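Colleague: give the three-dimensional model of this entry:
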Amino acid sequence: IRFYLHDQFNGSNPTTAIVLPPRNNETLFGQVAIFDDKLTTESSINSKPVGRAKGFLVIDSLSKSSSLQSMTVELEGRKGTIVLHGQNPFTESQREIAVVGGTGEFRNVQGYALTSTTGAEPGGFIAIYEVHL
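Modeller: Just a heads-up that it's a prediction; the model follows:
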């Protein structure tokens, strides 16, 4: 399953809220953010929507830019959700996050998701996810 995630943390319609500010400005350690991001078929935010990714991330490293991410993926036309959870060292070009389960037609799935940041857009960034179940 492949989709583009559009994380908007600035602008008129943000999809991410920082609920705890960082405790360390160099690595952003301690920052907590909640998100409800649009998923699309292509990298353009105006391309066909395919669902939403909802969850949180916690910047959890004093020594590098990395977050603990927990995310539920809801796909249009599918009955159920896919749950991703794990470390997301967001400064690396490609990351791997575990698929730890799901609901409905995705009940008991396991696998992994490869993700990378593909670009920026006004107010945020774009990431591609390739989910392998």
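Colleague: check the average confidence over stretch 12-20, would you?
Modeller: Over the span of stretch 12-20, the pLDDT mean works out to 92.
Colleague: contacting residues for D37?
Modeller: L5, H6, D7, Q8, T15, T16, R52, A53, K54 (CB atoms under 8 Å, 6 or more residues apart in numbering). All C-beta spots, glycine's among them, are computed from the backbone N, C-alpha and C.
Colleague: please enumerate the helices of the protein.
Modeller: When assigned using DSSP state H, the chain turns out to have no helices.
Colleague: ranges for the strands of it?
Modeller: 2-8, 16-20, 32-40, 49-59, 67-75, 81-88, 95-102, 111-121, 124-132 (DSSP state E).
Colleague: just checking, what packs against the last one?
Modeller: Right, the one you point to is strand 124-132. strand 2-8, strand 111-121 (3 or more CB pairs under 8 Å, 6 or more residues apart in numbering; DSSP states H and E).
Colleague: do that again at 10 Å, thanks
Modeller: Secondary-structure packing of strand 124-132 (3 or more CB pairs under 10 Å, 6 or more residues apart in numbering; DSSP states H and E): strand 2-8, strand 32-40, strand 67-75, strand 81-88, strand 95-102, strand 111-121.
Colleague: packing partners of the shortest one?
Modeller: Strand 2-8 is packed against strand 32-40, strand 49-59, strand 67-75, strand 111-121, strand 124-132, with contacts defined by 3+ CB pairs under 10 Å, 6+ apart.
Colleague: got a markdown table for those strands, with distance to I1 and mean pLDDT too?
Modeller: Listed next are these as a markdown table, based on distance: least, CB to CB, whole Å; pLDDT from 0 to 100:
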| stretch | distance to I1 | mean pLDDT |
| --- | --- | --- |
| strand 32-40 | 10 | 97 |
| strand 49-59 | 9 | 97 |
| strand 67-75 | 7 | 97 |
| strand 111-121 | 9 | 94 |
| strand 124-132 | 4 | 96 |
